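Visitor: Structure for the following, please:
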Amino acid sequence: RKPGLGELEAAIGHRFADRTLLERALTHISALPGTPANGPHYQRLEFLGDRVLGLAVADLLYRAFPEASEGDLSRRLGHLVRGETCAEVAQAWDVGPHLRIGPAENGSGLRRKGAILADVCEAIIAAVFLDAGFDVARAVVDRGFGPKMTEPGRATRDPRRRAGDAPAG
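Guide: Prediction:
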């Protein structure tokens, strides 16, 4: 059974006034005939969602860590807005079954691919932003990403250092 969009809206924490925004955020380009660069798929929403996510997370971090340095806030931001974290949030929302993909991609594992889930997560955030404004989008980001702000190891790793490298000093 394919779950309804109401279940996804409940997981996200936002009921859309314009559900076509959510539908577009869930539509992979492979689901559309031809290759419409500007078609009703998630790519443009992903672009906007990346910026909304960055601002919302920066605001959350700024408020949550009043004593943190700019460098510490930047590291925390980098870990929270990276693709892997976005994919984790999309998995928590159970986005995969709702993705609209082309028939050829249906058995390809595309619904579980981290890069696709990350893109769709950002597209959903943009859809919420367009549907209800920044405050509602920030609340969705807070619920989805906020708990990850304090996960062990997320804040202290420098994304420019490779695993196993000795810290500079």
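Visitor: ok, so what distance separates the residue lying closest to Gly102 once chain neighbours are set aside from Pro103?
Guide: Ranked by Cβ to Cβ, 6 or more residues apart in numbering and with sequence neighbours excluded, the top spatial neighbour of Gly102 is Ser30, at 3.4 Å. The way it works is simple: take the backbone N, C-alpha and C, and place the C-beta from them, glycine included. Using Cβ to Cβ, to the nearest Å, Ser30 is found at 9 Å from Pro103.
Visitor: The two: which is more packed in?
Guide: Using other Cβ atoms under 10 Å, the more surrounded residue of Ser30 and Pro103 is Ser30, with 17 against 8.
Visitor: confidence score at the more buried one?
Guide: Looking at Ser30, its pLDDT stands at 82.
Visitor: And it, its phi and psi?
Guide: phi -70, psi -20 (degrees, to the nearest 10).
Visitor: ok, now Leu8?
Guide: phi -70, psi -40.
Visitor: in the protein, which segments are predicted with low confidence?
Guide: Scanning the chain for pLDDT under 70 picks out the ranges 1-3, 35-38, 152-169.
Visitor: In it, what residue spans correspond to helices?
Guide: 5-12, 19-25, 43-64, 70-81, 83-93, 114-132, 134-145 (DSSP state H).
Visitor: Now mean neighbour count and distance to Leu99 too, for those helices, in CSV please.
Guide: Formatted as CSV, those follow (neighbours: other Cβ atoms under 10 Å; distance: least, Cβ to Cβ, whole Å):
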stretch, mean neighbour count, distance to Leu99
helix 5-12, 16, 10
helix 19-25, 20, 10
helix 43-64, 18, 13
helix 70-81, 17, 21
helix 83-93, 20, 10
helix 114-132, 24, 7
helix 134-145, 19, 17
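Visitor: looking at those helices, which is closest to Gly34?
Guide: Among the helices of the chain, the nearest to Gly34 by Cβ to Cβ is helix 43-64 (14.4 Å).
Visitor: which helices and strands does the closest one pack with?
Guide: helix 19-25, helix 70-81, helix 114-132, helix 134-145 (3 or more Cβ pairs under 8 Å, 6 or more residues apart in numbering; DSSP states H and E).
Visitor: Put together TSV for those, with distance to Gln43 on each row.
Guide: Listed next are the helices and strands packed on helix 43-64 as TSV, based on distance: least, Cβ to Cβ, whole Å:
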stretch	distance to Gln43
helix 19-25	10
helix 70-81	18
helix 114-132	8
helix 134-145	18
